[in-house]
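Q: missing the sequence, but the structure's below:
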């Protein structure tokens with residue numbers, strides 16, 4: 001079985017085209033005849049079904065560069081560098097012209113139509129007893145969720161978009177979608193929620209470990225992190241729709257992933273769940289901002305590919321720490337297609353904005369160092385220039401700028417969703433649902449610290465939210481007798497970064513929300529989350545200035561002469577969206 005999956009996996013680029021089966025004389029994706037297989041050749045059994053899914057994710061990976069550029073360069077944390085082309089500059093200046101490849105909706109719809117075609121053929125396989133009902137339901141739920149994620153991105157960037165769940169096999173038919181009825185982003189989100197809610201709850205879970213798609217690792221890559229997490233997707237949809245309780249409920253299911261008890265090899269203690277943002281151990285394996293030896297030695301920052309916060313992005317050989325942080329990521333490797341698009345992009349064409357650097361440098365650590373160490377590990381100065389390293393640590397040595405060797409050529413990952421993202425999104429929902437203290441705790445120093453009173457020894461009625469689900473968090477940590485609740489090690493986003501807590505100013509709901517969006521910038525920069533965060537909150541508040549001012553500040557600090565014009569343009573919300581045209 002391992003060899004079968006390996007063959008599928010390493011031919012991911014070819015498979016992404018093999019499973020577009022057409023009847024027209026001109027294929028939708030302009031395939032050469034030898035790259036095309038008939039339906040009878042590719043939908044014979046469960047192994048073919050698995051190959052179709054892996055191929056679909058191969059096609060999906062072609063969206064990586066476009067996704068990151070649209071979500072980061074249009075926002076406030078990413079800027080163009082000297083090697084940027086005119087199309088990147090257009091996006092940065094919010095002046096997109098016809099023919100800009102980054103503003104082309106076609107690649108998104110190619111994935112959507114792949115999804116529709118596979119769903120259609122899986123139904124035929126079920127009817128012909130080539131798949132069992134359980135196998136069918138598991139795999140179709142995954143495909144529906146991936147299609148839903150792609151549709152959400154299309155809506156975020158293009159605003160008014162055609163929505164179809166049927167197959168479209170001819171290029172002319174695809175162009176015809178331009179004239180079909182379109183859904184606004186708000187109505188699209190509602191439609192996507194209905195689609196996800198129709199999936200039976202049992203199939204909203206991740207693939208079971210016995211499933212043939214995730215039963216084995218291949219060349220060190222754990223396939224279970226490849227596939228979209230349906231609950232966080234549903235939580236995000238609810239958050240976009242301002243259904244805060246439902247969003248928090250979906251997120252909480254993932255926060256406490258793994259109902260069985262786990263074992264911590266560092267302390268010998270048991271704990272519940274994976275994604276809890278734990279405090280640091282002495283060896284910093286828990287991916288925190290830490291200092292070796294003395295916390296007061298500014299030169300002792302743990303900053304390498306194996307330990308500390310930076311190791312989040314180095315894949316760490318997919319060890320236990322990696323599994324505690326990453327919920328969804330897709331690997332790039334020179335041995336299979338598609339190739340890593342981020343090496344050239346981040347080394348030559350884009351750079352951290354002055355606005356993002358200023359934001360990191362405005363923070364204060366618990367030891368009073370006047371900067372956020374996450375910034376120093378997110379980008380490095382290489383050959384005198386700031387280079388974003390989150391996507392490059394597996395490939396390049398930031399001190400020498402040398403390739404780390406042939407074994408690492410092309411290695412990297414598409415950073416899609418992790419525990420920090422989940423905590424920040426849950427906190428955003430909880431804050432808007434009246435649980436401001438809980439949101440404050442998860443953003444800052446965690447449950448035990450926020451719900452504590454150090455003057456009281458008996459912790460029985462402390463370190464606990466004592467709230468109804470999904471807002472019930474028990475972080476009790478006491479001795480005599482010894483007691484450790486399931487959230488006792490939670491340290492919060494800023495706690496893990498060794499930062500002082502942020503203050504609440506004015507209207508606490510808005511103040512905490514502002515801090516959460518800022519914290520997302522500090523923690524999740526360049527991971528493809530930023531533009532969506534700004535649009536979502538600006539829509540919620542009916543306040544275009546929330547978005548426009550942040551982009552303006554980026555351009556202003558870069559001495560970009562277009563700053564004022566861009567701000568004026570973005571004060572009209574319809575200008576947040578790119579022109580939609582399927583050629």
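A: Everything's here; your move. The structure displayed is predicted, hence computed values, not measured ones. Numbering: from 1, shown residues only.
Q: What is the longest helix seen in the chain packed up against?
A: Counting by DSSP state H, the longest helix found in the chain is helix 133-158. Contact analysis of helix 133-158 by 3 or more Cβ pairs under 8 Å, 6 or more residues apart in numbering; DSSP states H and E lists helix 46-61, helix 64-72, helix 106-127, strand 161-162, helix 185-197, helix 230-240, helix 530-541 as its packing neighbours. Where C-beta positions appear, they are placed from N, C-alpha and C, glycine not excepted.
Q: try it again with 7 Å
A: Packing contacts for helix 133-158, counted by 3 or more Cβ pairs under 7 Å, 6 or more residues apart in numbering; DSSP states H and E, involve helix 46-61, helix 106-127, helix 185-197, helix 230-240, helix 530-541.
Q: I'd like the average pLDDT over the first one.
A: Same thing as helix 46-61. For helix 46-61, mean pLDDT rounds to 94.
Q: returning to what we had before: now do the longest helix of the chain against helix 64-72, angle only.
A: 50 degrees (axes from the mean of the first three to the mean of the last three Cα atoms, to 10 degrees).
Q: now the strands for the stretch 351-500 of the chain?
A: Assigned by DSSP state E, counting those that start in this stretch, the stretch 351-500 of the chain shows strands spanning 379-382, 385-388, 412-418, 477-478, 483-484.
Q: Out of these, which gets nearest to residue 78?
A: For residue 78, the closest of the strands of the stretch 351-500 of the chain is strand 385-388, at 7.9 Å, according to Cβ to Cβ.
Q: what residues does that closest one touch?
A: 346, 347, 351, 352, 378, 379, 380, 526 (Cβ atoms under 7 Å, 6 or more residues apart in numbering).
Q: what's the closest of those residues to residue 116?
A: For the contacts of strand 385-388, the nearest to residue 116 is residue 526 (31.3 Å; Cβ to Cβ).
Q: And what about the closest one, helix, strand or coil?
A: Following DSSP: H, G, I helix; E, B strand; the rest coil, the label given to residue 526 is coil.
Q: distance of it from residue 236?
A: Distance of residue 526 to residue 236, computed by Cβ to Cβ, to the nearest Å: 19 Å.
Q: Same check on residue 352?
A: Here the criterion is Cβ to Cβ. By it, residue 352 lies 25 Å from residue 236.
Q: Just the buried residues out of the contacts of strand 385-388, in ChimeraX syntax.
A: With 16 or more other Cβ atoms under 10 Å as the criterion, this ChimeraX line picks the buried residues out of those:
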select :346,347,351,352,378,379,380,526
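Q: Just send the contacts of strand 385-388 back as TSV, with pLDDT too.
A: Output for the contacts of strand 385-388, formatted as TSV (pLDDT from 0 to 100):
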residue	pLDDT
346	95
347	91
351	98
352	98
378	97
379	96
380	94
526	98
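Q: Pull the most distant pair out of the contacts of strand 385-388.
A: Pairwise distances across the contacts of strand 385-388 peak at 14.8 Å for 347 and 378 (criterion: Cβ to Cβ).
Q: Just name the most buried of the strands of the stretch 351-500 of the chain.
A: The highest average neighbour count among the strands of the stretch 351-500 of the chain, using mean count of other Cβ atoms under 10 Å, belongs to strand 412-418 at a mean of 24.
Q: residues making contact with that strand?
A: By Cβ under 7 Å, 6+ apart, the residues outside strand 412-418 that reach it are 61, 64, 229, 232, 315, 325-332, 340, 342, 390-391, 394-395, 527.
Q: can you tell me how far the residue nearest to residue 431 when sequence neighbours are not counted sits from residue 339?
A: Excluding the flanking residues, the one nearest residue 431 by Cβ to Cβ, 6 or more residues apart in numbering is residue 439, at 3.7 Å. Going from residue 439 to residue 339 by Cβ to Cβ gives 40 Å.
Q: Report the separation between residue 354 and residue 499.
A: From residue 354 over to residue 499 the distance is 21 Å, taken as Cβ to Cβ.
Q: And for residue 164?
A: From residue 164 to residue 499 the distance is 46 Å (Cβ to Cβ).
Q: ok, now residue 133?
A: According to Cβ to Cβ, residue 133 stands 50 Å off from residue 499.
Q: The two: which has the busier surroundings?
A: Each of residue 133 and residue 499 has its neighbours counted (other Cβ atoms under 10 Å); residue 499 has more, 24 against 8.
Q: how far away is the more buried one from residue 371?
A: Counting by Cβ to Cβ, the separation of residue 499 from residue 371 is 10 Å.
Q: Mutual contacts of those two, please.
A: Taking Cβ under 7 Å, 6+ apart as the contact rule, residue 499 and residue 371 both touch residue 363.
Q: what sits up against the helix or strand containing residue 568?
A: Assigned by DSSP states H and E, residue 568 belongs to helix 563-570. Contacts to helix 563-570, defined as Cβ under 7 Å, 6+ apart, come from residues 93, 94, 544, 547, 548, 551, 552, 555, 556, 575, 576.
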